[in-house]
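S.K.: Sequence and predicted structure, then a few things I'm wondering about:
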Amino acid sequence: QVQLVESGGGLVQPGGSLTLSCAASRSIFRIYTGNWYRQAAEKERELVASMTRGSVTSYADAVKGRFTISRDNAKNTVYLQMNNLTPEDTAVYYCNADVGLTPVSGPSNYWGQGTQVTVSS
């Protein structure tokens, strides 16, 4: 079994920046579509950003122009650069991806355990 592991969360002041990373817990063949979700307290989980293997991206309206999703295919890692953070961005951020474990296996969907991002002065 494989897990997705997020890192890079923490406490940041309003207007600050953070970069989240998401990588597999062991060697995999490739990440296909990579996604970042977030869930604020007492709210439903929402899709924040998505990127296909071909680097086509999409963003939630609330983060457009502030967040950037990227990937390093050689490292099988997906990133989320978050700039100009506001208290409304406070949430647990989850990595989600379609992962191929071997060259002959089809993609399966996996989630990370989440990383807390808190924006507060």
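M.R.: Here it is on my side, so go on. Numbers count the residues shown, from 1 in each chain.

S.K.: For the residue nearest the centre of the chain, pull up the helix or strand it's in.
M.R.: Compute the mean C-alpha point of the chain, and by C-alpha atoms, centre = their mean the closest residue is Trp36, 3.3 Å away. Secondary structure from DSSP states H and E places Trp36 in strand 30-39.

S.K.: Report the inter-axis angle for the next helix or strand after that strand versus strand 30-39.
M.R.: Reading on from strand 30-39 to the C-terminus, the next helix or strand found by DSSP H and E is strand 46-51. Counting by axes from the mean of the first three to the mean of the last three C-alpha atoms, to 10 degrees, strand 46-51 lies at 150 degrees to strand 30-39.

S.K.: which helices and strands sit right next to strand 46-51?
M.R.: Other helices and strands packing on strand 46-51, by 3 or more C-beta pairs under 8 Å, 6 or more residues apart in numbering; DSSP states H and E, are strand 30-39, strand 57-59, strand 67-72, strand 77-82. From N, CA and C alone the C-beta is placed, and that goes for glycine too.

S.K.: Would you format those as JSON lines with mean pLDDT included?
M.R.: Putting those into JSON lines (pLDDT from 0 to 100) gives the following:
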{"stretch": "strand 30-39", "mean pLDDT": "96"}
{"stretch": "strand 57-59", "mean pLDDT": "98"}
{"stretch": "strand 67-72", "mean pLDDT": "96"}
{"stretch": "strand 77-82", "mean pLDDT": "97"}
